[in-house]
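Need coordinates for the below:
(chains A, B, C and D)
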Protein chains: 2
Amino acid sequence: MPRKNTKQRQLILEAVRSRADHPSADEIYLDVRERDSRISRGTVYRNLSILAESGEITHVKVPSADRYDLRREKHYHLFCTRCGAVYDAPMPYQEEYDLSVEAATGFRIQRHRTIFEGLCAGCQSQAASG
Amino acid sequence: MPRKNTKQRQLILEAVRSRADHPSADEIYLDVRERDSRISRGTVYRNLSILAESGEITHVKVPSADRYDLRREKHYHLFCTRCGAVYDAPMPYQEEYDLSVEAATGFRIQRHRTIFEGLCAGCQSQAASG
DNA sequence: GCGACAATAAGACTTAATCCTAATATTATC
DNA sequence: GATAATATTAGGATTAAGTCTTATTGTCGC
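Alright, predicted model coming up:
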């Protein structure tokens, strides 16, 4: 199944890369809509999956709606349970875990995902006062 | 807000504890239904959240539907991307990560969640043949 | 340029999960 | 045990993320 290079996919990739935060699929859809008002939601969702699958962007699973990330290398994330913000975690990916879990379980491990949950600085002060 | 101890919540807790696998909310709902045919979905979802919040069970976020786990202590999970099965990972929870990320970011970290993704033994052989 | 077929638009559809309200059950107090 | 206060429930409507379907369009090898 040779992959065709469509304008839509290019627009979607550019939309993810032009954002430093971690947008949801729907936010990307709205961004891309401003450049091409005829693009459909299905196209955006499908292409985000394709791009994540092929490693051109990263898929982050968090509550309420999945996010996407312009970074390509495996890394961890921080999630604020109060405001829902997502940040990259300052911690290297622990490749050796995949090897040891693979050896111990019989699974063929592709990767692991780690998400730190807590309160961001802003929400800590709001939680204290409010 | 003192918590009342309802029959429904007790049934739901027992339902989770009586399963060694990692059932989804809907599977728990169906299990509990067999013992109390009048219990409602909302009640099951709400109580699973309450029990997870208070640490009596563990909440596991995986694609398509969240799962619940009778174990109380923090631990990691294995997820088969082909059949969707979930297992506990044979690896201790790395408490020190929470401390170091907290120190480095200003977040107040409550915990982290790690999910290993790959193919279980059964799906590896199926993928090879099929 | 032409043809094969990958990809799209549009919107219906699926499904996990939440929300709403009146009714009910639990707990503390008597 | 009765009573009052209120947390919780049943039932079903509702929401929202995401997927699927079909006719149509766009891409790319030739």
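
Now do the domain split for chain A, please.
A:1-72, A:73-130 (automatic domain parsing).

Tabulate the ones you listed (CSV), appending distance to DNA strand C, mean pLDDT and mean neighbour count.
Glycine gets a C-beta too; all of them are placed from N, C-alpha and C. Formatted as CSV, these follow (distance: least, C-beta to the nearest atom of the strand, whole Å; pLDDT from 0 to 100; neighbours: other C-beta atoms under 10 Å in any protein chain shown):
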stretch, distance to DNA strand C, mean pLDDT, mean neighbour count
domain A:1-72, 3, 94, 15
domain A:73-130, 13, 93, 16
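
Quick check: which of those is nearest to DNA strand D?
DNA strand D sits nearest to domain A:1-72 of all these, at 2.9 Å, using C-beta to the nearest atom of the strand.

which residues touch A:Tyr29?
Listed by C-beta atoms under 8 Å, 6 or more residues apart in numbering or on different chains, the contact partners of A:Tyr29 are A:39, A:41, A:44-45.

ok, now with 6 Å
By C-beta atoms under 6 Å, 6 or more residues apart in numbering or on different chains, the contact set of A:Tyr29 is A:41, A:44.

State the helix or strand in which it lies.
helix A:25-35 (DSSP states H and E).

and that helix, anywhere near DNA strand D?
Yes - residues of helix A:25-35 contacting DNA strand D under C-beta under 7 Å from any atom of the strand: A:25-26.

Kindly report the same for stretch A:80-87.
No - figure legend: stretch A:80-87 not in contact with DNA strand D (C-beta under 7 Å from any atom of the strand); closest approach 10.7 Å.

start to end distance for that stretch?
Chord length of stretch A:80-87, first to last residue, is 9 Å (C-alpha to C-alpha, to the nearest Å).

Could you identify the longest helix within chain A?
When secondary structure is assigned using DSSP state H, the longest helix within chain A turns out to be helix A:41-53.

Name the next helix or strand downstream of that helix, please.
strand A:58-60.

Would you tell me which strand is longest in chain A?
Longest strand in chain A, counting residues (DSSP state E): strand A:108-119.
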